[in-house]
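Q: No sequence on hand, only this structure:
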């Protein structure tokens with residue numbers, strides 16, 4: 001069935017019959033899934049019944065399920081019979097080239113430049129404006145472009161501003177300033193000054209301190225000294241705004257007159273506005289240039305240029321033209337509306353071009369609020385829980401999910417917000433246009449029921465009309481108590497329920513409705529809500545794969561959590577204690593339990609699929625047989641560790657030699673990190689240690705492949721550099737507050753042969769850092785405090801391109817300028 005769907009997926013965008021056929025298959029799959037999940041749920045609920053009652057109900061349930069399965073089989077047979085008539089092949093039967101398969105490739109081969117010089121319907125108007133700008137009239141003139149929003153004023157202004165003849169006429173003094181409804185003359189003046197003046201950085205900083213009238217006077221004098229000038233003021237909203245911009249402040253009686261002088265040299269001001277009175281107020285002698293809506297043919301031409309670039313639409317898309325022309329007609333000749341329509345068409349083609357395994361991941365983005373910054377860690381785990389991620393040989397599902405994410409980023413469907421030092425994406429978001437597309441497609445595919453902001457003025461308290469009986473997913477943005485009061489019996493097959501706290505304190509006093517109404521739920525995310533307690537009946541959600549309870553204020557979990565045998569991810573923090581039932585959840589892969597208040601025993605060594613364990617305490621860890629955790633890749637251990645014996649702890653880590661990639665040790669209450677030899681963990685590449693260390697491990701005891709090392713609060717007395725500089729593959733080194741208490745550090749020649757990032761923060765006692773010639777040859781980024789440290793050898797770091805300083809001072813600036821003068825460093829990025 002999957003092979004048929006992949007082939008049909010390519011055809012459905014061009015054939016409504018195929019689209020309906022795919023929809024029928026999808027509904028059949030949903031129905032089959034619902035029957036299986038409900039059968040398992042009912043079988044589980046019968047365990048507490050007496051034997052005669054249990055036996056009778058089992059027979060009854062099997063009979064009902066059998067009838068439903070028969071109905072689905074008949075429906076699938078009918079669907080299958082219509083497959084050949086629609087020309088749909090199994091992907092293994094041969095290849096077929098559909099229109100939607102060919103079209104995106106043709107789009108990628110077409111011209112790569114979608115620049116503003118591709119202007120439709122404005123050629124004649126541009127020529128007229130150019131003539132006005134370069135005309136012989138020597139008076140300073142204000143030429144105005146007038147028209148409604150979105151009609152193309154800015155596009156036309158850009159075209160003439162960059163026209164060859166205009167550039168030739170105004171070679172030395174041209175500037176573009178955006179005004180907007182929030183007119184701020186001082187900001188406008190600075191925009192212009194920065195474009196027409198060749199000021200030094202110091203002069204710019206000085207002008208930043210000028211008052212508005214001082215900037216106006218400076219601009220006036222500079223424009224007066226030039227031969228002629230061209231200034232574009234884009235989007236002026238009112239006559240009073242023009243007056244504020246053109247007249248210097250009356251606060252200075254000796255500095256009256258226009259900011260834009262009329263020197264009789266043919267200077268021009270090009271102004272765009274929505275209102276005629278602005279144009280007449282700016283220059284009564286000039287006739288405003290009024291923009292016109294596009295003709296029907298020009299509208300179609302613009303749409304084709306924006307949506308299909310240079311493709312011959314009639315030859316490639318014979319069935320699209322009629323529909324496209326109808327959509328364009330609704331734009332009534334307004335260029336902005338046509339361009340947006342073209343953009344949405346391009347985005348739709350991007351969706352069509354997605355491989356089948358990426359489409360559900362893209363549709364899942366529709367569940368997040370607008371402009372919401374998404375944690376990629378959370379996003380990847382949600383995709384896994386939803387079943388979107390396919391197992392790829394020996395690669396972990398989380399790694400595969402990260403590949404999916406990067407594919408969507410490379411296709412410009414997801415925007416990167418923040419990355420780690422090793423360039424992994426930590427946070428992302430979705431552009432408004434793309435989210436609109438995701439929501440539209442999600443509704444088409446019955447992917448989710450609704451993204452709901454429950455409003456008591458719009459929905460009565462017992463209404464469930466906004467929920468479809470086929471809803472598979474819902475995301476709730478506010479008024480959670482009201483959502484809990486709505487009847488949810490119309491959506492019994494809900495698989496995912498996500499809550500988003502978008503601000504303020506939000507509490508849910510009762511969660512019982514979730515277990516009563518959504519018995520086949522797989523994903524439940526309550527992150528950020530205030531939750532008083534989790535009812536014990538949550539253990540009845542036996543299909544649950546993801547449970548998000550981070551930042552909820554919850555202190556206790558019921559013992560029934562151990563009944564969630566299919567749970568893959570549990571994400572919670574700040575619990576008073578973790579119930580010792582995790583050992584029952586043998587399918588658990590990702591366990592986050594940071595900041596436990598109490599250190600009670602916790603058995604986890606039966607959870608042999610565990611890949612991430614974050615937040616177990618030292619005492620809990622040492623009581624488990626770590627050799628059974630053969631899949632564990634990422635481990636964070638925290639808490640008190642004074643009772644943990646060093647050799648025993650070191651051996652427990654060594655037993656993870658076949659899988660461990662990342663280790664974080666965080667000791668509390670001034671206790672010391674147990675001594676540790678990690679050379680037996682060849683795959684360990686990331687190590688974070690926060691806590692007192694008796695001494696630094698010798699180089700040979702570090703893992704050979706270590707690429708990232710962070711030390712904090714270690715209170716080392718001896719210079720760590722002689723040991724650390726010999727790590728052959730170390731790329732990132734962070735020495736943070738309290739990691740080293742000494743006064744001097746020395747990096748010898750050839751030390752740190754591959755280091756790229758060095759961070760030195762909070763080393764208050766350090767007075768000297770000496771870098772010998774030949775050390776750190778590949779260092780690219782240096783980050784440090786403005787501590788009173790003398791740095792020697794900085795000018796030898798020839799590949800250094802970025803310096804980040806948290807607390808900036810002129811002493812440090814002088815140091816860096818001295819280095820800059822003596823090296824070929826291409827860029828210094830100094831940030832406070």
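A: It's in. What you see is a predicted model; the values in this text were computed from it and never measured. Numbers count the residues shown, from 1 in each chain.

Q: which SS class is the closest residue to residue 797 other than its chain neighbours?
A: Spatially, and ignoring its direct neighbours in sequence, residue 797 is nearest to residue 779 (5.1 Å; C-beta to C-beta, 6 or more residues apart in numbering). Any C-beta I mention is one placed from the backbone N, CA and C, and that applies to glycine too. Recorded secondary structure, residue 779: coil (DSSP: H, G, I helix; E, B strand; the rest coil).

Q: Verify the stated contact: residue 779 with residue 799.
A: Yes - at 6.3 Å, residue 779 counts as touching residue 799 under the criterion of C-beta atoms under 8 Å.

Q: So which of those two has more stuff around it?
A: Taking neighbours as other C-beta atoms under 10 Å, residue 779 and residue 799 compare with residue 779 leading, 23 against 14.

Q: got the contact list for that one?
A: Residues near residue 779 by C-beta atoms under 8 Å, 6 or more residues apart in numbering: 752, 755, 756, 757, 758, 797, 799, 800.

Q: Double-check the fifth one against residue 781; I have them as touching.
A: In this case it means residue 758. Yes - between residue 758 and residue 781 a contact is recorded at 7.4 Å, counting by C-beta under 8 Å.

Q: quick one, which of these two is more surrounded?
A: Higher neighbour count among residue 758 and residue 781: residue 758, with 22 against 18, using other C-beta under 10 Å.

Q: The one helix or strand the more buried one maps to packs against which elements?
A: Assigned by DSSP states H and E, residue 758 belongs to strand 757-760. Other helices and strands packing on strand 757-760, by 3 or more C-beta pairs under 8 Å, 6 or more residues apart in numbering; DSSP states H and E, are strand 732-735, strand 781-784.

Q: and those strands, which is most packed in?
A: Highest mean neighbour count of the helices and strands packed on strand 757-760: strand 732-735, a mean of 21 (counted as mean count of other C-beta atoms under 10 Å).

Q: Quick check: which ranges of the stretch 551-700 of the chain have low pLDDT?
A: For the stretch 551-700 of the chain, residues meeting the criterion pLDDT under 70 lie at 699-700.

Q: now the helices for it?
A: Here the stretch 551-700 of the chain has its helices, by DSSP state H, counting those that start in this stretch, at 618-622, 646-654.

Q: Give the burial count for residue 598, as a bare number.
A: Residue 598 has 10 neighbours, counted by other C-beta under 10 Å.

Q: For it, give me its contacts.
A: Under the criterion of C-beta under 8 Å, 6+ apart, the neighbours of residue 598 are 576, 577.

Q: ok, it to residue 620 distance?
A: Taking C-beta to C-beta, to the nearest Å as the measure, residue 598 falls 11 Å from residue 620.

Q: Are there residues contacting both of these two? Which ones?
A: Counting by C-beta under 8 Å, 6+ apart, nothing touches both residue 598 and residue 620.

Q: Specify the local secondary structure of residue 154.
A: Classification of residue 154 by three-state DSSP places it in helix.

Q: wait, doesn't it sit right on residue 232?
A: No - the criterion here is C-beta under 8 Å, and residue 154 misses it with residue 232 at 9.3 Å.

Q: any shared contact partners between the two?
A: When contacts are counted by C-beta under 8 Å, 6+ apart, residue 154 and residue 232 have residue 272 as shared neighbours.

Q: the more surrounded of these two?
A: Higher neighbour count among residue 154 and residue 232: residue 232, with 23 against 18, using other C-beta under 10 Å.

Q: what helix or strand is that one on?
A: Per DSSP H and E, the secondary structure element for residue 232 is strand 230-236.

Q: strand partners of that strand, parallel vs antiparallel please.
A: Partner strands for strand 230-236, per DSSP bridges, with pairing direction: strand 174-178 (parallel), strand 268-273 (parallel).

Q: what separates residue 442 from residue 389, distance-wise?
A: Counting by C-beta to C-beta, the gap from residue 442 to residue 389 is 18 Å.

Q: looking at this structure, which helix or strand is least sure?
A: When each helix and strand of the chain is scored by mean pLDDT, DSSP states H and E, helix 99-109 comes last, with a mean of 35.

Q: Give me the neighbour count for residue 384.
A: Other residues within reach of residue 384 by the criterion other C-beta under 10 Å amount to 21.

Q: residue contacts, it?
A: Residues in contact with residue 384 (C-beta under 8 Å, 6+ apart) are 397, 398, 401, 545, 568, 569, 589.

Q: who's in contact with stretch 432-451?
A: 23, 26-27, 30, 343-344, 347-348, 351, 360, 362-371, 413-414, 430, 466-468, 470-475, 477, 491, 494, 496.

Q: For the strand holding residue 232, give me every contacting residue.
A: Contacts for strand 230-236 (C-beta under 8 Å, 6+ apart): 133, 153-154, 157, 161, 166, 169-170, 173-181, 183, 188, 192, 242, 245, 260, 267-273, 278, 282.

Q: ranking the helices of the stretch 551-700 of the chain by burial, who's on top?
A: By mean count of other C-beta under 10 Å, the helices of the stretch 551-700 of the chain have helix 618-622 as the most buried, with a mean of 21.

Q: buried ones in stretch 532-549?
A: When burial is assessed from 16 or more other C-beta atoms under 10 Å, stretch 532-549 yields the following buried residues: 534, 538-549.

Q: What is the end-to-end distance of that stretch?
A: This stretch, stretch 532-549, spans 12 Å end to end (C-alpha to C-alpha, to the nearest Å).

Q: How far off centre is that stretch?
A: Relative to its chain's centre, stretch 532-549 lies at 28 Å (C-alpha atoms, centre = their mean, to the nearest Å).

Q: Going by residue numbers, what spans are strands in the stretch 551-700 of the chain?
A: Using DSSP state E, counting those that start in this stretch, the strands of the stretch 551-700 of the chain run over residues 569-573, 590-594, 612-617, 634-639, 662-667, 686-690.

Q: Against which helices or strands is the third one packed?
A: I take that to be strand 612-617. Packed against strand 612-617, as judged by 3+ C-beta pairs under 8 Å, 6+ apart, are the following elements: strand 590-594, strand 634-639.
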